[in-house]
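[1] Would you be able to build a 3D model of this:
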Amino acid sequence: MNNNSSYIDISERKLLLRLLDIILIITGVFLASDYTSFSYIDSYNSSIISWLALLGFYFLFFGEVFQLYDLKISASRYKIIKNLFLASLITTFVFVLTPFYSPSLPENRMQIIYLFLLLILPVLCWRLAYISLLFSPKFFKEIIIISHSSTINELLELTKDDHHHNVGKYLSNNKNAGFENFVNIKEANIYEIVRTNNIKEVIINTSGFSTEIIKKINRDLILLFEEGINIKSSESFYEEITASVPKDYLDFNFYKNMNFSCSSNKRFYKLFHRFLDILISLTGLLVFLVLLPFIFILNVFMNKGPLFYKQIRVGKNGQNFTIFKLRSMVVNAESSGAVYAQKNDARITKFGKFLRKTRLDEVPQFFNILKGDMSIIGPRPERPKFVKDLEEKVPFYAIRHVVKPGLTGWAQVKFPYAGTLEEQEKKLRYDLFYIKEQCILLDFKIIIRTITTVLFFKGQ
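    Got it, this is the predicted structure:
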């Protein structure tokens, strides 16, 4: 078996990006301190380790906020230059403004510019080299996909733009016109295909195949399993690529595929989650009180009518509660009945667009979070009329209500407004992924992506 392991896995790529970013920044600081006029961070000072640890922490944090470790962003020269500039700028700004933990402000303000350049230049050179050298098919994971023609198209489409996997061969009963490397499953020797094509992973879905074909597949998979080849179900592969559950889960096998017992028994996680809710909501309400006079004045001139409005939404266990928001639509926007908000909705005022882009319209919901009706993170609460309609048309839609609704959530940061039944189903699959996988790390990702949404004015 050919064991060439030149490919770099997804987790390895992310670790490599973070590790080399920090190594290059620290190396640059030491070299600049020793061989140039840069003196803001003195490499011989006894506090150098704590200073560099703080600088590295700030850079990694703002790197997450500005998506420097999103592999799709890292593949684009334009996006990486733009986001790296912003991350380096904010890191420099915050580092300089915490002089109790960082070096004292330098008398020569040019030293601050030098620090910014020490952050951006070495990392930029390395990132451009990464795009040119490491972000090539040579370092993709070679896989084969085994699936019936009724299900293989979606799996093949997943690999088109993910930049991590290369489909060496796909085995099915019929060829897909848009993809090469087809092998008829009836004639295929799976073991030989893997052995001769340097395959690292086999993606398998036996649904739709005859019993005879399934037995043939299993015989070869046993040999591959014994030789250490990774064999993964199509459902697991789909979740890995999309961070949502497959559409196939929303059928009669739902409870076989979805297990909520693990997440429901995490007492420490629930306690931490509630503590986080209270801490963030109190902070958010204090900030809101400071901003409220300015928002009120702008509303008077640009958004004539009441500043606040309230609606009934469906919460945990299907219980209704009253949600509070800043009004972003014209007065009596639903005089002809409740309808879903759409992208570029004509009912949204100019000031309302600003409120939505910055997510300021959602800030009064910190009061709902403090009361316990909502959480910082969870599925967005919908209106009873919409919930009733969706529960009738989308299988297992009511599962969203096993957790508290959230101010932000995985579906919110991964998927825009859902205005059609198909989009609501897609959004549901992101919510179900969160409910199934909920953990502190996933919560952190959602908070970081929400900050990114606010900073880049991506709110809808």
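
[2] show me the contacts for Val123.
    Counting by CB atoms under 8 Å, 6 or more residues apart in numbering, Val123 touches Asp21, Leu24, Ile25, Leu84, Ser88. Quick note: C-beta positions are derived from backbone N, CA and C, even for glycine.

[3] from memory the fourth one sits against Leu68, does it?
    Yes: here Leu84 reaches Leu68: they are 6.3 Å apart, a contact under CB atoms under 8 Å.

[4] Let me know the average pLDDT across the helix or strand hosting Glu423.
    Assigned by DSSP states H and E, Glu423 belongs to helix 421-437. Mean pLDDT, computed over helix 421-437, is 89.

[5] so how far is the helix or strand following it from its chain's centroid?
    Following helix 421-437 in sequence order, the next helix or strand is helix 440-455 (DSSP H and E). Averaged C-alpha coordinates place helix 440-455 at 8 Å from its chain's average position (CA atoms, centre = their mean, to the nearest Å).

[6] got it, and stretch 184-200?
    How far stretch 184-200 lies from its chain's middle: 34 Å, per CA atoms, centre = their mean.

[7] same check, this time on stretch 82-95
    Using CA atoms, centre = their mean, the distance from the centre of stretch 82-95 to the centre of the chain it belongs to is 21 Å.

[8] Identify the residues contacting that stretch?
    Residues from elsewhere that reach stretch 82-95 (CB under 8 Å, 6+ apart): 54-55, 58-59, 62-63, 65-68, 73, 102, 112, 115-116, 119-120, 123-124, 127.

[9] Try it again at 6 Å.
    For stretch 82-95, contacts defined as CB atoms under 6 Å, 6 or more residues apart in numbering pick out 55, 58-59, 62-63, 66-68, 102, 115-116, 119-120, 124.

[10] With stretch 237-254 instead?
    Leu158, Asp162, Ile203, Glu235, Asn257, Pro395, Phe396, Arg429, Tyr430, Leu432, Phe433.

[11] Quick check: phi and psi at Phe308.
    phi -100, psi 160 (degrees, to the nearest 10).

[12] Check the burial of it by counting its neighbours.
    Other residues near Phe308 come to 10 when the count uses other CB atoms under 10 Å.

[13] any idea how far Ile348 is from it?
    Distance from Phe308 to Ile348, counting by CB to CB, to the nearest Å: 16 Å.

[14] got the buried residues for whichever helix or strand Arg195 is part of?
    Arg195 is located in helix 190-196, with elements delineated by DSSP H and E. Residues Ile190, Tyr191, Ile193, Val194, Arg195 are the ones in helix 190-196 that count as buried (16 or more other CB atoms under 10 Å).

[15] Go ahead and confirm the third one touches Gly168.
    When you say that, I think you mean Ile193. No: in this structure Ile193 lies outside contact range of Gly168 using CB atoms under 6 Å: 7.8 Å.

[16] Surely Asp21 is in a helix?
    Yes: residue state for Asp21 (DSSP: H, G, I helix; E, B strand; the rest coil) corresponds to a helix.
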